[in-house]
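>>> Take this sequence and fold it.
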Amino acid sequence: MHQGSLAILLHAHLPWVRHPEHGDFLEEDWLYEAVAECYIPLLRMLRRMAAEKVPLRLTFTLTPTVCAMLRDPLLVARTERYLERGLALAEMELDRTARDAAMLEVARHYHASFRDALHFYRKEIGRDVVGAFAQLQEDGIIEIITCAATHGFLPLMEVVPEAMRAQILIGCDQYRECFGRDPGGIWLPECGYVPRIDSILQEANLRWFVVDAHGLMYGEPRPRFAIYSPYFTPAGPAVFGRDRESSKQVWSAREGYPGDPAYRDFYRDIGMELPEDYLHAVLPQTGHRRHTGIKYHRITGTPHKEVYNRPWALAAADHHAGDFLDSRVRQFEHLAGILPVPPIVLSPFDAELFGHWWYEGPEFLDLFLRKAAYDQKTFRLTTPGDYLRENPTLQMVSPSPSSWGNKGYWEVWLDRCNSWIYPHLHSAARRMTAAAREHKSTRSPFTRRTLAQLARELLLAQSSDWAFLMKTGTAVDYATRRTKDHILRFNSLHAMLESGAQDEALLAACEHRDNLFPNINWKHYL
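I've put the predicted structure just below:
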């Protein structure tokens, strides 16, 4: 008998970035890098383990914006172009590094990596990343859950609850469209929680969600089994708490595995270092340097960076996988000795950590899952949905308002640098709700299109990513421009709707630029 259950949750999210007005747009690389370095490696790993019949269960969030981008024909074609460019650049690197044995070995690794990724994308999954993940769910390997439509930070929408409700219900609609079934659980963006959310989740027939540890520990009444059991909320859905102990081993800037000196240095990319004339033989001349995914140095821990040694890095990944396994075994042995119920440890991570930020992350995960399956019997791998089906009787707890951001509440998304956005977002949400109610019975195709596009522009403006980027100082200008552009387009469309005019050119331009969720149901704002 196992003494407990481990649920690893990988949250795959990126903001909606699609710029058809440009032939090549720098921020679109966020998607292409994630596909090349994270989603494809994880898919290949999971398909390989499934073929070898390794017993495993994982949970994934594929957010509605990620799914929409992965299914968009323009972005699919540009993803393939990114992989083709990477392969062409890797071929050039074979010649450039031919006289340096250590560098050449790394160049060969990248050439094989881009070649295999391009073949996998084209031939093995037919450029359908979402479909490949869906098949793993059908095969019982993973459980996929949903998220709010555009990853809006829900607690800061509480003043207009219709906006909060629409984010959740539209997210569920998009899940059904992508995966052909109802979602069982939801990842609340940034683990942002306020009590009003419970009833919306119940309406959406969502059975479970996750909060940060203090969201449970400060709940009412106090949870009997701390964060090592789910609890029913008063409205019905179950809540799980994030385990900080297991997360810290991976995430911590000081103690986390990705900082090991054997691993690849993320920042030393040839796109930032080699002559631009050389790079432009493959890459477009956009006026900006960009990461290529080809990086020759390891972290080392000193200003002098040594050449990346792939076998050393894989040995480090094997060691860290073993250490993570030993830590979980000790954790479950301790928990089993003090709890009268079978404990569950929920360890959520951003999926993009595995392969993009931490290049060896997929290998670490592969090794850990195999060790968990074959080298111990203390715990088993599960999903929150599986655990709830097997343990239907739970304590009732009302969680505390919380998030997994700095200091545990709203500080990241509500700061002097980004607070200016919320009066505009709240005003737009109120006008969206009023317009949906006023025109709920309309038969005009143009009015319906306008209401649908109003909803898209509002949802895109509400993305938590823009406030986050403003706070962290990363891509501030882009995040600010995106927020303003969506609000301005919303205002223009709303003014047109109010006046009774029909500006086909304006509406068509907005639909062309911001075309996510083609079948969006604007009536969720009623």
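>>> Packing partners of the worst-scoring helix or strand of the chain on mean pLDDT?
Every helix and strand of the chain was ranked by mean pLDDT, DSSP states H and E. The lowest is helix 244-251, at a mean of 89. On a contact count with 3 or more Cβ pairs under 8 Å, 6 or more residues apart in numbering; DSSP states H and E, helix 244-251 meets helix 310-338, strand 344-350. For glycine as for every other residue, the C-beta is placed from the backbone atoms N, C-alpha and C.
>>> now do 10 Å
Applying 3 or more Cβ pairs under 10 Å, 6 or more residues apart in numbering; DSSP states H and E, one finds that helix 244-251 makes contact with helix 213-217, helix 310-338, strand 344-350, helix 361-374.
>>> so where's the chain uncertain?
253 (pLDDT under 70).
>>> ok, now how distant is Ala495 from Gln502?
Distance of Ala495 to Gln502, computed by Cβ to Cβ, to the nearest Å: 13 Å.
>>> meant to ask about Val106, not that
Counting by Cβ to Cβ, the gap from Val106 to Gln502 is 59 Å.
>>> More neighbours: which of those two?
Comparing Val106 with Gln502 by neighbour count (other Cβ atoms under 10 Å), the higher total belongs to Val106, at 22 against 14.
>>> Can you give me the buried ones in the least confident helix or strand of the chain?
Neighbour-count burial for helix 244-251, with 16 or more other Cβ atoms under 10 Å as criterion, is recorded at Arg244, Ser246, Ser247, Gln249, Val250.
>>> coming back round to it: and Gln462, which of the helices and strands packed on helix 244-251 is closest to it?
Closest approach to Gln462 among the helices and strands packed on helix 244-251 (Cβ to Cβ): strand 344-350, 20.0 Å.
>>> How far off centre is the closest one?
Mean-position distance between strand 344-350 and its chain equals 14 Å (Cα atoms, centre = their mean, to the nearest Å).
>>> do stretch 138-147 as well
Taking Cα atoms, centre = their mean, one finds stretch 138-147 lying 14 Å from the centre of the chain it belongs to.
>>> Start and end of that stretch, how far apart?
Chord length of stretch 138-147, first to last residue, is 19 Å (Cα to Cα, to the nearest Å).
>>> which stretches of the stretch 351-500 of the chain form helices?
For the stretch 351-500 of the chain, the helices defined by DSSP state H, counting those that start in this stretch cover 361-374, 384-390, 421-438, 445-461, 464-472, 476-499.
>>> Put together JSON lines for the ones you listed, with mean neighbour count and distance to Phe517 on each row.
Shown next, in JSON lines, are the helices of the stretch 351-500 of the chain (neighbours: other Cβ atoms under 10 Å; distance: least, Cβ to Cβ, whole Å):
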{"stretch": "helix 361-374", "mean neighbour count": "20", "distance to Phe517": "30"}
{"stretch": "helix 384-390", "mean neighbour count": "17", "distance to Phe517": "25"}
{"stretch": "helix 421-438", "mean neighbour count": "18", "distance to Phe517": "14"}
{"stretch": "helix 445-461", "mean neighbour count": "22", "distance to Phe517": "6"}
{"stretch": "helix 464-472", "mean neighbour count": "22", "distance to Phe517": "17"}
{"stretch": "helix 476-499", "mean neighbour count": "18", "distance to Phe517": "14"}
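>>> closest to Ser403 out of the ones you listed?
Counting by Cβ to Cβ, Ser403 lies closest to helix 464-472 out of those; the figure is 9.8 Å.
>>> quick check: angle from that closest one to helix 421-438?
Helix 464-472 runs at 170 degrees relative to helix 421-438, counting by axes from the mean of the first three to the mean of the last three Cα atoms, to 10 degrees.
>>> Run a quick neighbour tally on the residue nearest to Phe266 when sequence neighbours are not counted.
Leaving aside its sequence neighbours, Phe266 sits nearest to Trp357 (Cβ to Cβ, 6 or more residues apart in numbering; 6.1 Å). Per other Cβ under 10 Å, the neighbour tally for Trp357 reads 13.
>>> And Trp357, its phi and psi?
Torsion angles at Trp357 (phi, psi; degrees, to the nearest 10) stand at phi -70, psi -40.
>>> start the count at 259, not 1, going forward
Okay, using 259 as the starting number, the last item reads as Trp615.
>>> which ones are touching it?
Taking Cβ atoms under 10 Å, 6 or more residues apart in numbering, we find Trp615 in contact with Glu295, Cys296, Pro516, Phe524, Asp608.
>>> go on, Leu332?
Leu332 sits in contact with Arg276, His277, Pro278, Glu286, Asn773, where contact means Cβ under 10 Å, 6+ apart.
>>> With Ala407 instead?
Counting by Cβ under 10 Å, 6+ apart, the residues that Ala407 touches are 274, 321-323, 326, 424-432, 447, 713-714, 716-718, 720-721, 774-775, 778, 782.
>>> Also Pro299?
With Cβ under 10 Å, 6+ apart, Pro299 has these contacts: 293, 371, 374-375, 378, 612-614, 617, 619-621, 623-624.
>>> what do you get for His549?
Leu284, Asp287, Glu291, Phe524, Tyr525, Asp527, Ile528, Gly529, Met530, His614 are the contacts of His549 under Cβ under 10 Å, 6+ apart.
>>> ok, now Trp445?
Listed by Cβ under 10 Å, 6+ apart, the contact partners of Trp445 are 267, 269-271, 317-321, 403-406, 409, 429, 467-468, 606.
>>> Out of the residues you listed, list just those in helices.
Using DSSP state H to define helices, the subset of the contacts of Trp445 located there is Gly429.
>>> Please indicate which of the contacts of Trp445 are buried?
For the contacts of Trp445, a burial check counting by 16+ other Cβ under 10 Å picks out 267, 269-271, 317-321, 403-406, 409, 429, 467-468, 606.
>>> just to revisit the earlier point, would you quantify the distance from the residue nearest to Phe524 to Glu396?
The gap separating Trp615 from Glu396 is 29 Å, by Cβ to Cβ.
>>> Three-state assignment for the residue of the chain most remote from its centre, please.
Relative to the centre of the chain, and counting by Cα atoms, centre = their mean, the farthest-placed residue is Arg357 at 40.5 Å. Classification of Arg357 using DSSP: H, G, I helix; E, B strand; the rest coil returns coil.
>>> So which residues of the stretch 359-508 of the chain form helices?
Going by DSSP H, counting those that start in this stretch, the stretch 359-508 of the chain shows helices at 359-377, 387-396, 419-437, 455-461, 471-475, 502-509.
>>> list the helices and strands the first one packs on?
In terms of contacts (3+ Cβ pairs under 10 Å, 6+ apart), helix 359-377 is packed against helix 298-309, helix 331-354, helix 568-596.
>>> Now do it: distance to the chain's middle.
On the basis of Cα atoms, centre = their mean, helix 359-377 sits 27 Å off its chain's mean C-alpha point.
>>> Please apply the same query to the third one.
For helix 419-437, the distance between its averaged C-alpha position and the chain's averaged C-alpha position is 16 Å (Cα atoms, centre = their mean).
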